[in-house]
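Visitor: Compute the structure for the input listed below.
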Amino acid sequence: MSTFQNHLPLTKASQAQGEESGKQFLPPSSKQHVGEASLQATFLGLAALNKAYPEVLAPGNAACLTPTSPWPYSLPWPWHALSQPSPPGAKEPMALLVEALRSPGLRALEARTAVELLDIFSGLEADGKELVEAIAAGSPGSPLPRRAAELQEALEQGPRGLALRLWPKLQVVVTLDAGGQAEAMAALGALWCQGLAFFSPAYAASGGVMGLNLWPEQPGGLYLLLPCAPLIELLPAKEGGQEEADTTVLLAEAQNGKEYELVLTDHTSLTRCRMGDVVRVVGVYNQCPVVRFISRLGQTLSVRGEDIGENMFSEALGRAVGQWPGAKLLDHGCVESSILGSSGGSAPHYEVFVALRGLRNLSEENRDKLDHCLQEASPCYKSLRFRGSVGPARVHLVGPGAFRELRAALAACPSSPFPPEMPRVLRHRALAQLLQRKVLS
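Guide: Predicted structure coming up:
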């Protein structure tokens, strides 16, 4: 193994969105092995889902609300209802939603990612009246006035627990887990999908399927790393003031409780590429590590070398929003002030855009709470703020649909990791300006 490592040095996969070229250098991947991993994840995921929720796999008991399925590999019948995506452009999410709303007996809802499902439920609230009228009138299909009345009654009771009111037999929501999805999962679980289980058949990263989920009943997303092509190595994550490790370990050598960055070796080019995805080992299954994905190194904020990681920032933002009366965080995006050129002679800082429910205006007191939480989370950031080297984080409330437009812009960019990954730190000025134009407060 040492000979292999010496002859093939580590390289980094850039997660940044290039300001000028827009290029993103992703790790090379073999289509053959990506397909094998996707097929394996789909078969094992279906088996796990069938064990936990046997009735879900029956034909007609599931509906996919996005044109692309969350299952990594498309399968023919008998799993057609679960896994076969519509041809690209054949149906829009709202048309798929109408089809699902016509079927009261659904037991599973699917969407490619949680953020896309969040957009669908947000759209349902905004366009619910039109959708109900379409179902009552039979557009499309035969008129269903009784079902339309049931839907109208469910919508009038608000977002909390809406999915179970629309589909009383619903058991599980299936989405594909990836970076930047946790926020949407939390919002869905607290509001629209309250009381439902969530299941992701796999964890997807820039290199493809990274981990398999064999435990639908376990919350929080536990994934099994497999010792097959493409080869996965683990690079010990940097802790505190330690120097960055340069030697990887194999899956069988992973230590429980430790955090590692994933390193992927492509079969075709034999390139050992650091993925930037950090995992924590939480157990072992058949000598392979079971992990929970923690953060993405490419989603770090740093205007003076302070390095506020994705996980640290999300936790600080969550604590701040928790102090805003009645507010529920739906989405957020961050920009370093240099991207927008917003410093204006002042110290560099973070521009933070948030989508909220339950709060229509942000007071200066509420805005300041994020900066205080960041100082509590990072001594380095606190020191820089005390010296005036870094300015206070500026928080902006954006209007409904702002992040849906951002995701549409991301999806249209070939170099974007979305879908399935949702970037939380924006490096493109045009993307940041898109959110800036949607600011309400």
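
Visitor: what about the helices in the stretch 201-350 of the chain?
Guide: Secondary structure of the stretch 201-350 of the chain (DSSP state H, counting those that start in this stretch): helices located at 310-322, 337-340.

Visitor: Most tightly packed of these?
Guide: helix 310-322 (a mean of 19; mean count of other C-beta atoms under 10 Å). From N, CA and C alone the C-beta is placed, and that goes for glycine too.

Visitor: packing partners for that one?
Guide: strand 288-296, strand 328-336, strand 350-357, helix 364-377 (3 or more C-beta pairs under 8 Å, 6 or more residues apart in numbering; DSSP states H and E).

Visitor: of all those, which lies closest to Thr175?
Guide: strand 288-296 (14.2 Å; C-beta to C-beta).

Visitor: Put the alpha carbons of the closest one into CSV.
Guide: What follows is strand 288-296 as a C-alpha-only set of coordinates in CSV (Å, rounded to 0.1, in the frame of the first residue of the first chain):
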residue,chain,number,x,y,z
CYS,A,288,-16.3,-1.8,7.0
PRO,A,289,-16.8,1.6,8.7
VAL,A,290,-20.2,3.1,9.2
VAL,A,291,-20.0,6.8,9.0
ARG,A,292,-22.0,10.0,9.4
PHE,A,293,-21.2,12.8,6.9
ILE,A,294,-20.1,16.0,8.9
SER,A,295,-19.1,18.8,6.5
ARG,A,296,-17.5,19.8,3.2
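
Visitor: That one: partners in the sheet, and parallel or antiparallel?
Guide: strand 223-224 (antiparallel), strand 272-285 (antiparallel) (DSSP bridges).

Visitor: Format those as JSON lines; extra columns: mean pLDDT.
Guide: Shown next, in JSON lines, are the strands paired with strand 288-296 (pLDDT from 0 to 100):
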{"stretch": "strand 223-224", "mean pLDDT": "95"}
{"stretch": "strand 272-285", "mean pLDDT": "93"}
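
Visitor: The residue nearest to Pro145 when sequence neighbours are not counted: helix or strand, and which one exactly?
Guide: Setting aside the residues directly before and after it, Pro145 is nearest to Ala136 in space (C-beta to C-beta, 6 or more residues apart in numbering), at 4.9 Å. In this assignment (DSSP states H and E), Ala136 forms part of helix 114-137.

Visitor: and that helix, which residues are buried?
Guide: For helix 114-137, burial by neighbour count (16 or more other C-beta atoms under 10 Å) applies to 114-124, 128, 131-132, 134-136.

Visitor: do the same with stretch 400-415
Guide: Residues 402-404, 406-407, 410 are the ones in stretch 400-415 that count as buried (16+ other C-beta under 10 Å).

Visitor: about what we covered before: can I get the strands paired with strand 288-296 in a markdown table with distance to Leu170 and mean neighbour count?
Guide: Output for these, formatted as a markdown table (distance: least, C-beta to C-beta, whole Å; neighbours: other C-beta atoms under 10 Å):
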| stretch | distance to Leu170 | mean neighbour count |
| --- | --- | --- |
| strand 223-224 | 24 | 24 |
| strand 272-285 | 29 | 20 |
